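I'd like to go over a predicted model; first the sequence, then the structure.
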Amino acid sequence: MVKQRPGMPLEILRIDGQGHRHTVLGMQHEYKARPSEGAANLMFVLDIPPGSGAPPHHHEHDGEAFYMLEGEICFTTPESMMTARAGDFLYAGPGHVHSFENRSDKPARALVVQTPGIDAEAFFDAMARASDRPEFDMVRDVPAIAERFGIEIHPPVMAAAA
């Protein structure tokens, strides 16, 4: 038996193409579930164009999981580097430095789940608003915005090949 907790939806149903959308760091996010809607995590489909990705960073409060749907990305941590392809799964727990980049010439897609995702959702909302402004400067503004939401940007890491 499923009991509905106060403030939590019993279900969220979305067909393909439905869901709030943002473009952050050149990548399209299509949200399937959001903490602001009462979901227990942030879940979205992430379209990663060639050359796009996220710099080395860690989340103070959120774990971040990637399930690759199509294409490939290079996922790097201080301990390892992996080229992830469709069907592969990656997870970085809170406090674990990681980055990813689409180094191929084809788009990639991943289902991303951030738990609990409250800070991540607020970060992506703030980034989408800020990057629309003409005075937005990626080098200056991304670390400053990230810090407000428990995300720390790190210098590039050299990982041992896995």
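Good, I have the coordinates.

State whether residue 129 is indeed within a strand.
No: assignment of residue 129 by DSSP: H, G, I helix; E, B strand; the rest coil gives helix, placing it outside any strand.

so how far is residue 48 from it?
Distance from residue 129 to residue 48, counting by Cβ to Cβ, to the nearest Å: 21 Å. Every residue, glycine included, has its C-beta placed from N, CA and C.

okay, the two: which has more neighbours?
Remark: of residue 129 and residue 48, residue 48 carries more neighbours, 26 against 12, as counted by other Cβ atoms under 10 Å.

Please name the residues that touch that one.
Taking Cβ atoms under 8 Å, 6 or more residues apart in numbering as the criterion, residue 48 is in contact with 27, 71, 73, 100, 102, 107-110.

Return the subset of these lying in strands.
Per DSSP state E, strands hold the following members of the contacts of residue 48: 27, 73, 100, 108-110.

and the residue most central in space within the chain, helix, strand or coil?
Centroid-nearest residue in the chain, with Cα atoms, centre = their mean: residue 112, separated by 5.9 Å. Here residue 112 is recorded as strand under three-state DSSP.

Surely it touches residue 68?
No: with contact defined as Cβ atoms under 8 Å, residue 112 does not reach residue 68; the gap is 10.2 Å.

quick one: contacts for residue 58?
92, 94-98, 151-152, 154.

can we see that at 6 Å?
95-97, 152 (Cβ atoms under 6 Å, 6 or more residues apart in numbering).
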